[in-house]
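**Q** no FASTA, just this:
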């Protein structure tokens, strides 16, 4: 009886693993996002960067009790080294408006947690994701997908709403 239960448990866990999205499905989910927020270390900068439709949220800025005020700079994707002015994002509404600069009708957002974010002292993934979800929930009809990234590749995806 114990062997049958053990075999059933192994089959059930294998089925659950197999039910996760494939690499292709993860890429399709990612490309469906109007804007993605990647949480991680921003090299050579203490602020967050907005490049194209990707907002690189510096993990250092997420360890405070509140996400705002948030310092960010828009960079040209063709010349990311040229520093632009630093904007201070004071609220959730300001953050949505800031993200909509490159995607005015953005309602589908991705949150990508970079593996390097975990190296930031005081970083709490759950707290950071929950803060961002609360911001994005203010948009009606939108969606948020959580991704994890390792070695430059998206490893999993989960639709949050």
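**A** Cool, got the structure. Model, not experiment: these values are computed from the prediction. Residues are numbered from 1 along each chain as shown.

**Q** drop to CA atoms for contacts and neighbour counts, all remaining ones
**A** Noted.

**Q** in a strand, residue 95, correct?
**A** No: counting by DSSP: H, G, I helix; E, B strand; the rest coil, residue 95 is not found in a strand; it is helix.

**Q** how many other residues sit next to residue 78?
**A** 9 (other CA atoms under 10 Å).

**Q** okay, it and residue 152: tell me how far apart.
**A** 20 Å (CA to CA, to the nearest Å).

**Q** and what of residue 138?
**A** 30 Å.

**Q** over to residue 61?
**A** Separation of residue 61 from residue 152 (CA to CA) stands at 22 Å.

**Q** if you count what's nearby, which of these two comes out ahead?
**A** residue 61 (22 against 9).

**Q** any low-confidence regions in this protein?
**A** Within the chain, the stretches with pLDDT under 70 are 1-19, 44.

**Q** which residue ranges of it form strands?
**A** Using DSSP state E, the strands of the chain run over 35-40, 48-51, 54-58, 70-75, 86-89, 108-114, 143-150, 153-159.
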